[in-house]
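S.K.: missing the sequence, but the structure's below:
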């Protein structure tokens, strides 16, 4: 199982939310991991999937990956 995590590196929810709410280009980091299914699900005490009808307001936003993987 190959997992690519794209994440915002901030000082908590408020700083990441401020970045999303601003008109500036969003900056994310990414990390690729090769895991077995057992390793992947073992990382979580509880695993939930949440789907939102309105999303996070990221549609059409410009962003950059600060540490692009080769």
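M.R.: On my side now, so go ahead. This is a predicted model, so every value here is computed, not measured. Residues are numbered from 1 along each chain as shown.

S.K.: Quick check: the gap between residue 12 and residue 62.
M.R.: Counting by C-beta to C-beta, to the nearest Å, the separation of residue 12 from residue 62 is 24 Å. Backbone N, C-alpha and C define where each C-beta goes, glycine included.

S.K.: actually residue 2, sorry about that
M.R.: Using C-beta to C-beta, residue 2 is found at 26 Å from residue 62.

S.K.: and what of residue 49?
M.R.: Using C-beta to C-beta, residue 49 is found at 27 Å from residue 62.

S.K.: Neighbour count: the two, which is higher?
M.R.: residue 62 (8 against 4; other C-beta atoms under 10 Å).

S.K.: Which parts of this protein are helices?
M.R.: Secondary structure of the chain by DSSP state H: the helices cover 13-21, 37-42.

S.K.: Figure out which of those is closest to residue 29.
M.R.: Residue 29 lies closest, by C-beta to C-beta, to one member of these: helix 13-21, at 11.9 Å.

S.K.: Pull the distance from that closest one to the chain's centre.
M.R.: 13 Å (C-alpha atoms, centre = their mean, to the nearest Å).

S.K.: tell me which strands and helices that helix is in contact with?
M.R.: Helices and strands touching helix 13-21, as assessed by 3 or more C-beta pairs under 8 Å, 6 or more residues apart in numbering; DSSP states H and E, comprise strand 26-34.

S.K.: what's the angle between the strand it packs on and helix 13-21?
M.R.: For strand 26-34 against helix 13-21, the angle by axes from the mean of the first three to the mean of the last three C-alpha atoms, to 10 degrees is 110 degrees.
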